[in-house]
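**Q** Everything below, folded, please.
(chains A, B, C and D)
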Protein chains: 2
Amino acid sequence: METNNLPANILDPNCPSRVIFQRIGDKWASLVIQVLGDGPVRFSELRKTVNVVTPKVLTQTLRALERDGLITRTVHAQVPPRVDYELTAMGESLLQPLSLLREWAESHVPTILEARDAYDDAQDSAVLGSAN
Amino acid sequence: METNNLPANILDPNCPSRVIFQRIGDKWASLVIQVLGDGPVRFSELRKTVNVVTPKVLTQTLRALERDGLITRTVHAQVPPRVDYELTAMGESLLQPLSLLREWAESHVPTILEARDAYDDAQDSAVLGSAN
DNA sequence: CAACAACGGTATACATTGGATACTGATAGC
DNA sequence: GCTATCAGTATCCAATGTATACCGTTGTTG
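**A** Numbering: from 1, shown residues only, chains lettered A, B, ... in the order given. Below is the predicted model:
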């Protein structure tokens, strides 16, 4: 069964690859996946590790990831309740691409901060110049 | 000069690496960078290629990328005006990590769509079941 | 010569999303 | 019975994104 006869195209708003691409680039989803890379984590633990997300948004994020088959949600019948979130095999396969992006970000911090300073200085002097 | 004596940590909301990580994961920024991978593109062209972004948001995105030193903005003194956006060397260095993520998304489309169907079906029957 | 088109935006109003905070239900321990 | 723990919901408000109209400049067209 060929479900994928059209070429995937990130630039087509109707292509599912676009939605998926943006899901994994999501502010919280990408962080959650990386935290879960070390093994299962419960809700409150996740909330502490991923600084700082509100319970509502964390729940939304986790539900979306679960729906897409990237994580599993396991409820333990205990009181107080214990719910573990864990990467699926597909979720784990995302760790490497995400790590590369994270490493890129971490290694370019100094350069980017310099670029910002230079840009902001240029903006400031342009404003001052136009006031003359 | 060591500006980076603290270890970069995506999970620390005060660490610049986090801000940068989220900028490159931004809905439009990541698409713009990939479009610019083929060479300089002007504003209206970009707007057509990256379906479908409003001019306000595209401008915001481009300004942010320019400020971070990932793209350059070149105004040609013509009428009607011509403004070209182009990747810097640093911007180009982002192409490979972003491509990996894009390839991941494209290759996992069928699996994720199946996972969604299964999840939604399970939700539906749970709702029906609880209504009995 | 007046109206229009092309381009790169900006301005304004509105819809959607995200965030802060309070609260719930179940139960074990005091 | 009062309190704490945990995994969320509910509610309200702020920030962000979107749709759409509009601007200035100048070459072209009628």
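
**Q** Next to DNA strand C, which bits of chain A? Give me the list.
**A** A:26-28, A:52-57, A:60, A:79-81 (CB under 7 Å from any atom of the strand). (Each C-beta comes from the backbone N, C-alpha and C, glycine too.)

**Q** ok, and which of those residues reach chain B?
**A** A:26-27, A:52 (CB under 8 Å from any CB of the partner chain).

**Q** so which helix or strand takes in A:E45?
**A** Counting by DSSP states H and E, the element that carries A:E45 is helix A:43-49.

**Q** by contact count, what packs against that helix?
**A** The contact analysis (3 or more CB pairs under 8 Å, 6 or more residues apart in numbering or on different chains; DSSP states H and E) places helix A:43-49 against helix A:29-36, helix A:55-67, strand A:82-87.

**Q** quick one: is the longest one near DNA strand D?
**A** When you say that, I think you mean helix A:55-67. Yes - Helix A:55-67 lies within reach of DNA strand D by CB under 7 Å from any atom of the strand, at A:55-56, A:59, A:62.

**Q** I'd like to know which elements that helix is packed against.
**A** If contacts are counted by 3+ CB pairs under 8 Å, 6+ apart, helix A:55-67 sits against helix A:29-36, helix A:43-49, strand A:71-76, helix B:109-131.

**Q** Check the shortest one too.
**A** Counting contacts by 3+ CB pairs under 8 Å, 6+ apart, strand A:82-87 is packed against helix A:29-36, strand A:41-42, helix A:43-49, strand A:71-76.

**Q** got the angle between the lowest-mean-pLDDT helix or strand in chain A and helix B:55-67?
**A** Using mean pLDDT, DSSP states H and E, the weakest-scoring helix or strand in chain A turns out to be helix A:109-131, at a mean of 85. Angle, helix A:109-131 to helix B:55-67, by axes from the mean of the first three to the mean of the last three CA atoms, to 10 degrees: 110 degrees.

**Q** Tell me which residue is most central in chain A.
**A** Centre of chain A computed as the mean C-alpha position; nearest residue by CA atoms, centre = their mean is A:S30, 1.9 Å away.

**Q** Check the gap between that residue and B:P80 for me.
**A** 40 Å (CB to CB, to the nearest Å).

**Q** What is the burial count for the closest residue to DNA strand C within chain A?
**A** Per CB to the nearest atom of the strand, A:V79 is where chain A lies closest to DNA strand C, at 3.3 Å. Look at A:V79: counted by other CB atoms under 10 Å in any protein chain shown, it has 5 neighbours.

**Q** Give me the contact status of the strand or helix carrying A:P97 with chain B.
**A** Of the helices and strands defined by DSSP H and E, A:P97 is found in helix A:95-107. Yes - Helix A:95-107 lies within reach of chain B by CB under 8 Å from any CB, at A:96-98, A:100-102, A:104-107.

**Q** Next, format those residues as TSV and append distance to B:V35, pLDDT and neighbour count.
**A** Output for these, formatted as TSV (distance: CB to CB, whole Å; pLDDT from 0 to 100; neighbours: other CB atoms under 10 Å in any protein chain shown):
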residue	distance to B:V35	pLDDT	neighbour count
A:Q96	24	97	11
A:P97	19	96	19
A:L98	22	96	24
A:L100	20	96	15
A:L101	18	95	23
A:R102	23	96	22
A:W104	19	96	19
A:A105	20	96	25
A:E106	25	95	19
A:S107	24	95	13
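
**Q** What's the ChimeraX syntax to select whichever of the residues of chain A next to DNA strand C are buried?
**A** Buried members of these, defined by 16 or more other CB atoms under 10 Å in any protein chain shown, are picked up in ChimeraX with:
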select /A:26,28,53
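
**Q** Dump the residues of chain A next to DNA strand C to JSON lines, plus pLDDT.
**A** Below are those laid out as JSON lines (pLDDT from 0 to 100):
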{"residue": "A:D26", "pLDDT": "94"}
{"residue": "A:K27", "pLDDT": "93"}
{"residue": "A:W28", "pLDDT": "97"}
{"residue": "A:V52", "pLDDT": "90"}
{"residue": "A:V53", "pLDDT": "96"}
{"residue": "A:T54", "pLDDT": "97"}
{"residue": "A:P55", "pLDDT": "97"}
{"residue": "A:K56", "pLDDT": "97"}
{"residue": "A:V57", "pLDDT": "98"}
{"residue": "A:Q60", "pLDDT": "98"}
{"residue": "A:V79", "pLDDT": "92"}
{"residue": "A:P80", "pLDDT": "95"}
{"residue": "A:P81", "pLDDT": "96"}
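
**Q** Good, we can wrap up now.
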